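> Compute the structure for the input listed below.
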Amino acid sequence: MATAVNYIKHLNRIYTLMAEDSRLSPHHISLYLAIFQLWNLNHFQEKVSICRSEMKQLSKIGSNNTYSKCINQLHDFGYIKYSPSYNPMKGSSITCIRFDTSKEESPTPLTISQKGSSLKQKVKPTKRRKQKAVPPPLIDSVIDFFKKEFTKDSGTLDLNVEAEKFHNHFSANGWKVGGKAPMKDWNAAARNWIHNARRFVQEKSTLKPGHLNSNSNKNYHEPL
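Sure thing, here's the model as predicted:
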């Protein structure tokens, strides 16, 4: 028996539920709309006979497996009541759950109805606090630090020159370590700078003049 259905309220409720139901795919939605259209053409009768080939054409679903899966899941999720028919001479029947009235208990399509199905709650990502940028030091502060820290064991290094080199180098790259990460402690970077400068001086002092010269008396007829 046909009943009066407020299809505007029904569709508004359906769209809201489907937008919140993460289990549904576009195939579920297109198939439901095809079912609703058929239900509408049959004047909202309690039970509507359907044909698989017709429903596939209306919902633009090409696969039998996809169609069977979607229509059974719409039944499991609480959108329709599906009664399949295994008689080729008799079509299956569908009852559309009404969502346009509050008198009937509204099904809960968001409730877990199948083992293994789940709805994940959206978790807002925590915002990382941005570290405040440390202002770069002045050249006078760098020179004073170099003299205070490295005067005792500076060796042959000119601390004023090294301080200027250090300040110019990191000023040119925006005071970033490796050209990428912002510098957090320029004092530690200055210590590494002096350490590398000392090592360079030591390596340079070990090189003797003419150490790359070959022996002029070498006999090239001798085998290696």
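
> residue contacts, the spatially closest residue to M183 that is not a sequence neighbour?
Leaving aside its chain neighbours, M183 sits nearest to W175 (4.7 Å; criterion: C-beta to C-beta, 6 or more residues apart in numbering). Glycine gets a C-beta too; all of them are placed from N, C-alpha and C. Shown in contact with W175 (C-beta atoms under 8 Å, 6 or more residues apart in numbering): P136, P182, M183, W186.

> neighbours around the first one, how many?
Just to be clear, that refers to P136. Neighbours of P136 under the rule other C-beta atoms under 10 Å: 15.

> ok so, going back, between the contacts of W175, identify the one with the most neighbours.
Result: W186 is most packed of those (other C-beta under 10 Å), 20 neighbours.

> Look up how far A197 lies from it.
16 Å (C-beta to C-beta, to the nearest Å).

> tell me which element T156 falls in.
Counting by DSSP states H and E, no helix or strand carries T156.

> right, and it touches V201 too?
Yes: at 6.1 Å, T156 counts as touching V201 under the criterion of C-beta atoms under 8 Å.

> the more surrounded of those two?
For the pair T156 and V201, the greater number of neighbours falls to V201 (12 against 8), based on other C-beta under 10 Å.

> Unless I misread the structure, the more buried one falls within a strand.
No: counting by DSSP: H, G, I helix; E, B strand; the rest coil, V201 falls outside a strand, being helix.

> Hmm, it is touching D158, no?
No: applying C-beta under 8 Å as the test, V201 and D158 come out as separate, 10.8 Å apart.

> Leaving out chain neighbours, which residue sits closest to F150?
I194 (5.2 Å).

> For that neighbour, give me phi and psi.
Dihedral angles of I194 (phi, psi; degrees, to the nearest 10) stand at phi -70, psi -40.

> avg pLDDT for the helix or strand where N65 lies?
Per DSSP H and E, N65 falls inside helix 64-76. On average, the pLDDT along helix 64-76 is 94.

> chain center to the helix or strand that comes right after that helix: distance?
Scanning forward in sequence from helix 64-76 by DSSP H and E, the next helix or strand is strand 80-83. With C-alpha atoms, centre = their mean, to the nearest Å as the basis, strand 80-83 stands 38 Å off its chain's centre.

> Please name every helix or strand in contact with strand 80-83.
helix 64-76, strand 92-96 (3 or more C-beta pairs under 8 Å, 6 or more residues apart in numbering; DSSP states H and E).

> looking at the ones you listed, which is closest to A163?
helix 64-76 (72.2 Å; C-beta to C-beta).

> what helices or strands is the closest one leaning on?
Looks like helix 64-76 contacts helix 26-41, helix 52-59, strand 80-83 (3+ C-beta pairs under 8 Å, 6+ apart).

> would JSON lines of the ones you listed with distance to I94 and mean pLDDT be doable?
Listed next are those as JSON lines, based on distance: least, C-beta to C-beta, whole Å; pLDDT from 0 to 100:
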{"stretch": "helix 26-41", "distance to I94": "6", "mean pLDDT": "92"}
{"stretch": "helix 52-59", "distance to I94": "9", "mean pLDDT": "91"}
{"stretch": "strand 80-83", "distance to I94": "6", "mean pLDDT": "92"}
